[in-house]
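> need a structure here:
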Amino acid sequence: MITKKLYLSIIGFLAFGLSSLSAAETKWVTDFEEAKTIAAKEGKSLLINFTGSDWCGWCIRLDKEVFDTDTFAEGVKDKFVLVKLDFPKDKSDMTEGTITQNEKLQAEYMVQGFPSILLTDEKGRPFAKTGYQQGGPESYLASLDTLLGIRKDRDSALKISGEQEGDLKAEADLGVLKVLQIDDALITKFYSDQIEHIKEVEHAEGMEFIQQLENTEKFADFQRELQQMGTLGDHAAALKFVESTLEADTFSGERKQQIFVIKGIILAELGQFDESLMTIDLAKAIAPESEITGRIDQMKDQIEMLKKQKSGANTK
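From the prediction side, this is the model:
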């Protein structure tokens, strides 16, 4: 005879078994070449998770809130091959080959922060980039669907480009570049064929877009080099570098304004307050309507305060 208690136990056991069978399992591939092969075979995109699993707080939150959930696993299983490229402090469970592969891919995709989530096609060409987002798996899946729309638009433009020549091909190539949601440096690296063709036919709008890409990349290089000097505390070298950049007249508009502001700040750090204030005034005149201009008077007030504090200290 089956008692009520036993009946409920059986129902509970069956329900647990069914839920376990129906729950999707989030499967991460760690071999990049294997992931590309699977993606090509199954017609999927790659979701590449650059993570620091045992030290990166936002990575751990993203795993817990999104990636480790059944909702996420079910939502991506027919759309993405999931690739985990881990950079933990404890590498004892990783092979030398995996460590080398991950470091190579970090450099190739120019990843500087974690978590970085890169979406690519089956060949590894990126089309979108994201990271941690609040809202749980449902919100994250909706965002990924939007980003998959970018690939659809990119692929449509690539198809048109392959069928056209001359200006019409360049127009389609420009459409490819414009739809991408990745860093400019990645566009330059992974979509060089499109860029070269636009340059070849001198497509006017395309040339303007490429110029913006190149300027953004140059400014990023400028910032990286300046940051290295700042880390070393070498203000004199930083000032010399900034002045040589301004003399080269590489940048214009708001970027040039930013460099003048940086020069003013460095001069203040060196105690050259009058020169600093003059430089900040020059920055203001370069782009009077910019967001930075709205904060320049506050910067000047801070420099004036530092000047008075320095002067007061010297008279004691």
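
> what about the strands in this protein?
Here the chain has its strands, by DSSP state E, at 28-29, 45-51, 80-86, 116-120, 126-130.

> Can you lay out these as JSON lines showing distance to residue 110 and mean neighbour count?
For glycine as for every other residue, the C-beta is placed from the backbone atoms N, C-alpha and C. Converted to JSON lines, the strands of the chain look like this (distance: least, CB to CB, whole Å; neighbours: other CB atoms under 10 Å):
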{"stretch": "strand 28-29", "distance to residue 110": "22", "mean neighbour count": "16"}
{"stretch": "strand 45-51", "distance to residue 110": "11", "mean neighbour count": "23"}
{"stretch": "strand 80-86", "distance to residue 110": "13", "mean neighbour count": "22"}
{"stretch": "strand 116-120", "distance to residue 110": "10", "mean neighbour count": "22"}
{"stretch": "strand 126-130", "distance to residue 110": "10", "mean neighbour count": "22"}
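
> just so I know, which of those strands lies nearest residue 97?
Closest to residue 97 of those is strand 80-86 (CB to CB; 12.8 Å).

> got the CA positions of the closest one in CSV?
Only the C-alpha atoms of strand 80-86 are listed here, as CSV (Å, rounded to 0.1, in the frame of the first residue of the first chain):
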residue,chain,number,x,y,z
PHE,A,80,26.6,30.4,-29.6
VAL,A,81,29.6,28.2,-28.9
LEU,A,82,30.8,29.4,-25.5
VAL,A,83,34.6,29.9,-25.2
LYS,A,84,36.2,30.5,-21.8
LEU,A,85,39.6,32.0,-21.8
ASP,A,86,40.6,32.2,-18.2
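
> Please work out the average pLDDT along that strand.
Averaging pLDDT along strand 80-86 yields 98.

> what sits up against it?
Contacting residues not belonging to strand 80-86 are listed as 26-30, 32, 35, 38-39, 42, 44-53, 76, 94, 101-102, 105-106, 119, 144 [CB atoms under 8 Å, 6 or more residues apart in numbering].

> ok, now stretch 144-155?
45, 47, 75-76, 79-80, 119, 121, 127-128, 130, 175-176, 179-181.

> can you list the weak-confidence ranges in the stretch 201-316 of the chain?
Low-confidence regions of the stretch 201-316 of the chain, defined here as pLDDT under 70, cover residues 313-316.

> give me that answer again for 90
211-224, 227-233, 249-255, 284, 291-292, 294-295, 297, 306-316 (pLDDT under 90).

> Helices of that one, start to end?
Along the stretch 201-316 of the chain, the segments classed as helices by DSSP state H, counting those that start in this stretch run 204-232, 235-248, 253-269, 273-286, 293-315.

> Deepest in the core, which of the ones you listed is it.
Among these, helix 253-269 has the highest mean neighbour count (mean count of other CB atoms under 10 Å), at a mean of 20.

> who touches residue 67 in this structure?
The contact partners of residue 67, by CB under 8 Å, 6+ apart, come to 26, 49.

> per-residue confidence at it?
98.

> Next: residue 3.
If you check residue 3, the pLDDT there is 46.

> go on, residue 18?
Reported pLDDT for residue 18: 40.

> Kindly report the same for residue 193.
Predicted confidence (pLDDT) for residue 193: 96.

> where does it sit relative to residue 46, distance-wise?
20 Å (CB to CB, to the nearest Å).

> burial of residue 190, as a residue count?
20 (other CB atoms under 10 Å).

> State the phi and psi torsions of the closest residue to it other than its chain neighbours.
With CB to CB, 6 or more residues apart in numbering as the criterion, residue 190 has its nearest non-adjacent residue at 5.0 Å, and that residue is residue 125. Dihedral pair for residue 125: phi -80, psi 120, per degrees, to the nearest 10.

> Correct me if wrong: residue 125 contacts residue 192.
No: the pair residue 125 / residue 192 is not scored as a contact, 11.0 Å apart, by CB atoms under 8 Å.

> which of the two has more neighbours?
When residue 125 and residue 192 are compared for neighbours, residue 125 comes out ahead with 17 against 10, by other CB under 10 Å.
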